[in-house]
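S.K.: Make a model of this:
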Amino acid sequence: MDRMNDDFLRQENVRLYRAVEELKILNEISTAISSTMELRKIETLIVNKCIKHFNVEQAAVMILQEDAKDHPFQTMIREVDSSAAQVPYRLDARLTGWMLRNRKPILVNDLQGDHRFHGLSNDCASIKSLLCVPLFFKGKMTGLIACFNKKNDQGFTKDDQRLLSILSGQSAQVIENARLHEQEQMLIRMQEEHRLAADIQARLLPKSAPVLEGYDIAGVTYPAKVVGGDYFDFIPIDASRLAFCVGDISGKGIPAALLMSNLQATIRAETKQTTHPCECLNRSNQLLYRNTEADKFATLFYGILDFEKHRVDYSNAGHNRPFLVRKSGEMKELSNAGIAMSMIEQFEYPEDTINIDRGDMLVIYSDGITEAINESNEEYGEERLCKLACSFRGKSANNIMDEIVKEVSLFSGTQPQFDDITLMIIKRD
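M.R.: A predicted model of the protein is given here:
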């Protein structure tokens, strides 16, 4: 009888000890993960506690990617016990597929011999035992916690599975909260970047168009929601000449705004050095190539209006080709377009000249106009723009500009504006 009591007390002590240890680890994890909202820190805390408490070689937190079919689970964090092999253990598609279908834990102490998972890939060759439990948030599976290779002969137990399941329930809510917090912080950073980029862009643009006797000039940029790099400028040269340009910078946000600033400074500096558009672009291209990241470039139309001789000398670095609308309604496209700037270091840009007669109008624009799309996914296109500009040629430059922007907006309808819209009108009275 005494021996039976001793055995009972021994079992009760073991059970109580295990219960205390379980409460201890749950309390430790609860205290630790409630002290931070950083997703990576939370996930690291969870896997490190799993490695220590379950006495395993590796542990990982994996999040379900709803739009990924071939590899639905993304490993967010993986930690390795210092005494274990440093090669990361990976779950085979058969294992993740089983988890997705069954939505319940896997407890395997002989993975290679388990009939449910025959034909596992070589990625699983080093996995002997595995305990894997799903993460659920509001009834939806959001990921899993995996423990690899128990470091004792007993292997994983039902008590291990029960505790890890409790831990996963505790962790899922916290991980989801941290993930939402991280998304919110990212959105705040993006909004701040958008504000800064828009501020840089606004500061670089002319406050007003120049007033020249015998000419009517207007220019405008309407930034997209995600600030791009459209840019235009007017640069007085002397008493009879005005340089002007319209450009489009690759990329979005702060990087595009900074490149725009660099381009403007370069063009303005080179305009002081030469009055030949081709030379200005040749030298500006070299400087940009040397000081710009490899994947960044800019298109630019650059012209010099001589308002005494009534002509425009111009060069084009890969930009949309402007067009001249004659007083009669005849249209002429300005050709001789070179490649975008900063693509290669040495490039000789061609130069050409066009005369501006009374009543003629030069239209320079960015692809935010011609590539605007409607609900049928149809682009506005160059043909519509040319016909529209021609039909309004009797109006003032500002009126023409306003009418074009309004028509493009009506054409797009409910479609969002994906790119900056930039337009410049130079009209001879």
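
S.K.: And Leu287, which helix or strand is it part of?
M.R.: Leu287 belongs to helix 277-291 when assigned by DSSP states H and E.

S.K.: and that helix, which residues are buried?
M.R.: Using 16 or more other C-beta atoms under 10 Å as the test for burial, helix 277-291 gives 277-289. C-beta coordinates here come from the backbone N, C-alpha and C atoms, glycine included.

S.K.: name the helices or strands packed onto that helix?
M.R.: Applying 3 or more C-beta pairs under 8 Å, 6 or more residues apart in numbering; DSSP states H and E, we find helix 277-291 packed against helix 253-273, strand 298-306, strand 311-317.

S.K.: Which of these has the highest mean neighbour count?
M.R.: strand 298-306 (a mean of 25; mean count of other C-beta atoms under 10 Å).

S.K.: could you check the angle helix 253-273 makes with the lengthiest helix in the chain?
M.R.: Longest helix of the chain, by residue count under DSSP state H: helix 158-204. Per axes from the mean of the first three to the mean of the last three C-alpha atoms, to 10 degrees, the angle that helix 158-204 makes with helix 253-273 is 30 degrees.

S.K.: Would you pull up how far helix 158-204 lies from the middle of the chain?
M.R.: 16 Å (C-alpha atoms, centre = their mean, to the nearest Å).

S.K.: Please pull up the helix or strand immediately following that helix.
M.R.: Immediately after helix 158-204, counting by DSSP H and E, sits strand 215-222.

S.K.: Paired strands for that following strand, with orientation please.
M.R.: Strands adjacent to strand 215-222 in the sheet, as given by DSSP bridges, are strand 421-428 (antiparallel).

S.K.: Extract the CA atoms of the strand it pairs with and return them as CSV.
M.R.: Output of strand 421-428 as CSV, limited to C-alpha atoms (Å, rounded to 0.1, in the frame of the first residue of the first chain):
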residue,chain,number,x,y,z
ILE,A,421,0.9,64.5,-65.9
THR,A,422,3.2,67.3,-67.3
LEU,A,423,2.3,69.7,-70.1
MET,A,424,4.0,72.7,-71.6
ILE,A,425,2.6,75.0,-74.3
ILE,A,426,4.7,77.6,-76.2
LYS,A,427,2.5,79.6,-78.5
ARG,A,428,3.5,82.5,-80.7
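
S.K.: and it, average pLDDT?
M.R.: Model confidence over strand 421-428, given as mean pLDDT, is 96.

S.K.: report the angle between the axes of it and strand 298-306?
M.R.: Here strand 421-428 runs at an angle of 10 degrees relative to strand 298-306 (the same axes, to 10 degrees).

S.K.: all numbers from here: first residue = 202
M.R.: OK, 202 is where the count begins now, so the last one is strand 622-629.

S.K.: tell me the angle strand 622-629 makes with strand 512-518.
M.R.: 160 degrees.

S.K.: Would you convert the helices and strands packed on helix 478-492 into TSV that also reports distance to Tyr566?
M.R.: Shown next, in TSV, are the helices and strands packed on helix 478-492 (distance: least, C-beta to C-beta, whole Å):
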stretch	distance to Tyr566
helix 454-474	17
strand 499-507	9
strand 512-518	13
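
S.K.: In a markdown table: the ones you listed, plus mean pLDDT.
M.R.: Below are the helices and strands packed on helix 478-492 laid out as a markdown table (pLDDT from 0 to 100):
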| stretch | mean pLDDT |
| --- | --- |
| helix 454-474 | 88 |
| strand 499-507 | 97 |
| strand 512-518 | 97 |
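
S.K.: Settle this for me: Ser536 is touching Thr554, isn't it.
M.R.: No: here Ser536 lies out of contact with Thr554, judged by C-beta atoms under 8 Å, at a distance of 11.9 Å.

S.K.: The two: who's more crowded?
M.R.: Thr554 (14 against 10; other C-beta atoms under 10 Å).

S.K.: how near is the nearest residue to the more buried one once chain neighbours are set aside to Lys607?
M.R.: Nearest-residue entry for Thr554: Asp514, 5.1 Å, with adjacent residues in sequence omitted and distances by C-beta to C-beta, 6 or more residues apart in numbering. According to C-beta to C-beta, to the nearest Å, Asp514 and Lys607 sit 32 Å apart.

S.K.: How about Ile601?
M.R.: Distance, Ile601 to Lys607, by C-beta to C-beta: 11 Å.

S.K.: wait, what's in contact with Thr472?
M.R.: By C-beta atoms under 8 Å, 6 or more residues apart in numbering, the residues touching Thr472 are 436, 438, 444, 481.

S.K.: ok, which pair from the residues you listed is furthest apart?
M.R.: Ile438 and Cys481 (10.8 Å; C-beta to C-beta).

S.K.: which residues are in contact with both of those two?
M.R.: In contact with both Ile438 and Cys481: 444, 472, using C-beta under 8 Å, 6+ apart.

S.K.: May I see the buried residues of stretch 238-247?
M.R.: Residues 238, 240, 243-247 are the ones in stretch 238-247 that count as buried (16+ other C-beta under 10 Å).

S.K.: quick one: low-confidence parts of the stretch 402-551 of the chain?
M.R.: The model of the stretch 402-551 of the chain has pLDDT under 70 over residues 426-429.

S.K.: Try it again at 90.
M.R.: Along the stretch 402-551 of the chain, the model assigns pLDDT under 90 to residues 402-406, 408, 423-432, 450-463, 492-497, 536-538.

S.K.: My read is that Gln547 contacts Gln487, right?
M.R.: Yes: using C-beta under 8 Å as the test, Gln547 is close enough to Gln487 to be in contact (7.1 Å).

S.K.: Overlap of the contact sets of these two?
M.R.: By C-beta under 8 Å, 6+ apart, no residue touches both Gln547 and Gln487.

S.K.: show me what contacts Arg522?
M.R.: So Arg522 contacts 502, 534-536, 538 (C-beta under 8 Å, 6+ apart).

S.K.: List just the nearest of these to Pro617.
M.R.: Phe502 (26.2 Å).

S.K.: So the closest one is in contact with Phe524, correct?
M.R.: No: taking C-beta under 8 Å as the definition, Phe502 is not a contact partner of Phe524, at 11.3 Å.

S.K.: tell me, what's touching the two both at once?
M.R.: Common neighbours of Phe502 and Phe524 (C-beta under 8 Å, 6+ apart) are Leu535.

S.K.: Look up how far Asp561 lies from the residue nearest to Thr554.
M.R.: Relative to Asp561, and taking C-beta to C-beta, Asp514 is found at 16 Å.

S.K.: Nice, that's everything, thank you.
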